[in-house]
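Q: All I have is the shape, not the residue letters:
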């Protein structure tokens, strides 16, 4: 029988952790990237795969020629994956309702928005009312990040709701 672990209590700590702190709970693999980029990309192990040991979630990045930059980007992707996977109830309302996608606190913000949507069955109107926003403003905030937009629409499909449109 498979053990089920609830990491939702740790989620906010993982999302708010610095790269160095989060890295201590991860395992990294470095490999040669594929695709365009010439000799530098094809001859050096600059691509990064990061595996978060407590949760088992992985993320990869090979978008740049620098292993250091790819490591940072892989950790950003890992944080979003954690935000998408773990829910906390009752949901907390984010302190700031509009946060830049490039802000280091963005994954935690996204997780809290998803928590609100989850409590409302992924219906935007009641979630927006709880957040003190209009439904159209909430949809516009979700649309800024393609990964968040796709995730919310995939979950809405599971709830037999129509996909969000801008």
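A: In hand now; what should we look at? Source: prediction; values computed, not measured.

Q: so where does the spatially most central residue of the chain fall, helix or strand?
A: For the chain, residue 80 is the residue whose C-alpha lies nearest the centre (Cα atoms, centre = their mean; 1.2 Å). Element membership for residue 80, per DSSP states H and E: helix 67-85.

Q: Give me the next element, helix or strand, following the lowest-mean-pLDDT helix or strand in the chain.
A: Scoring the helices and strands of the chain by mean pLDDT, DSSP states H and E places helix 38-43 at the bottom, with a mean of 63. Later in the chain than helix 38-43, the nearest helix or strand by DSSP H and E is strand 47-52.

Q: which strands and helices sit next to the helix or strand following that following strand?
A: As assigned by DSSP H and E, the chain's next helix or strand after strand 47-52 is strand 58-61. With contacts defined as 3 or more Cβ pairs under 8 Å, 6 or more residues apart in numbering; DSSP states H and E, the packing partners of strand 58-61 are strand 47-52, helix 67-85. C-beta: built from backbone N, CA, C; applies to glycine.

Q: what's the average pLDDT for strand 58-61?
A: Summarised as a single mean, pLDDT over strand 58-61 is 97.

Q: ok, residues contacting that strand?
A: Applying Cβ atoms under 8 Å, 6 or more residues apart in numbering, the external contacts of strand 58-61 come out as 47-52, 70-71, 73-75, 77-78, 81.

Q: any idea how far that strand is from the chain center?
A: The chain centroid and the centroid of strand 58-61 are separated by 12 Å, computed with Cα atoms, centre = their mean, to the nearest Å.
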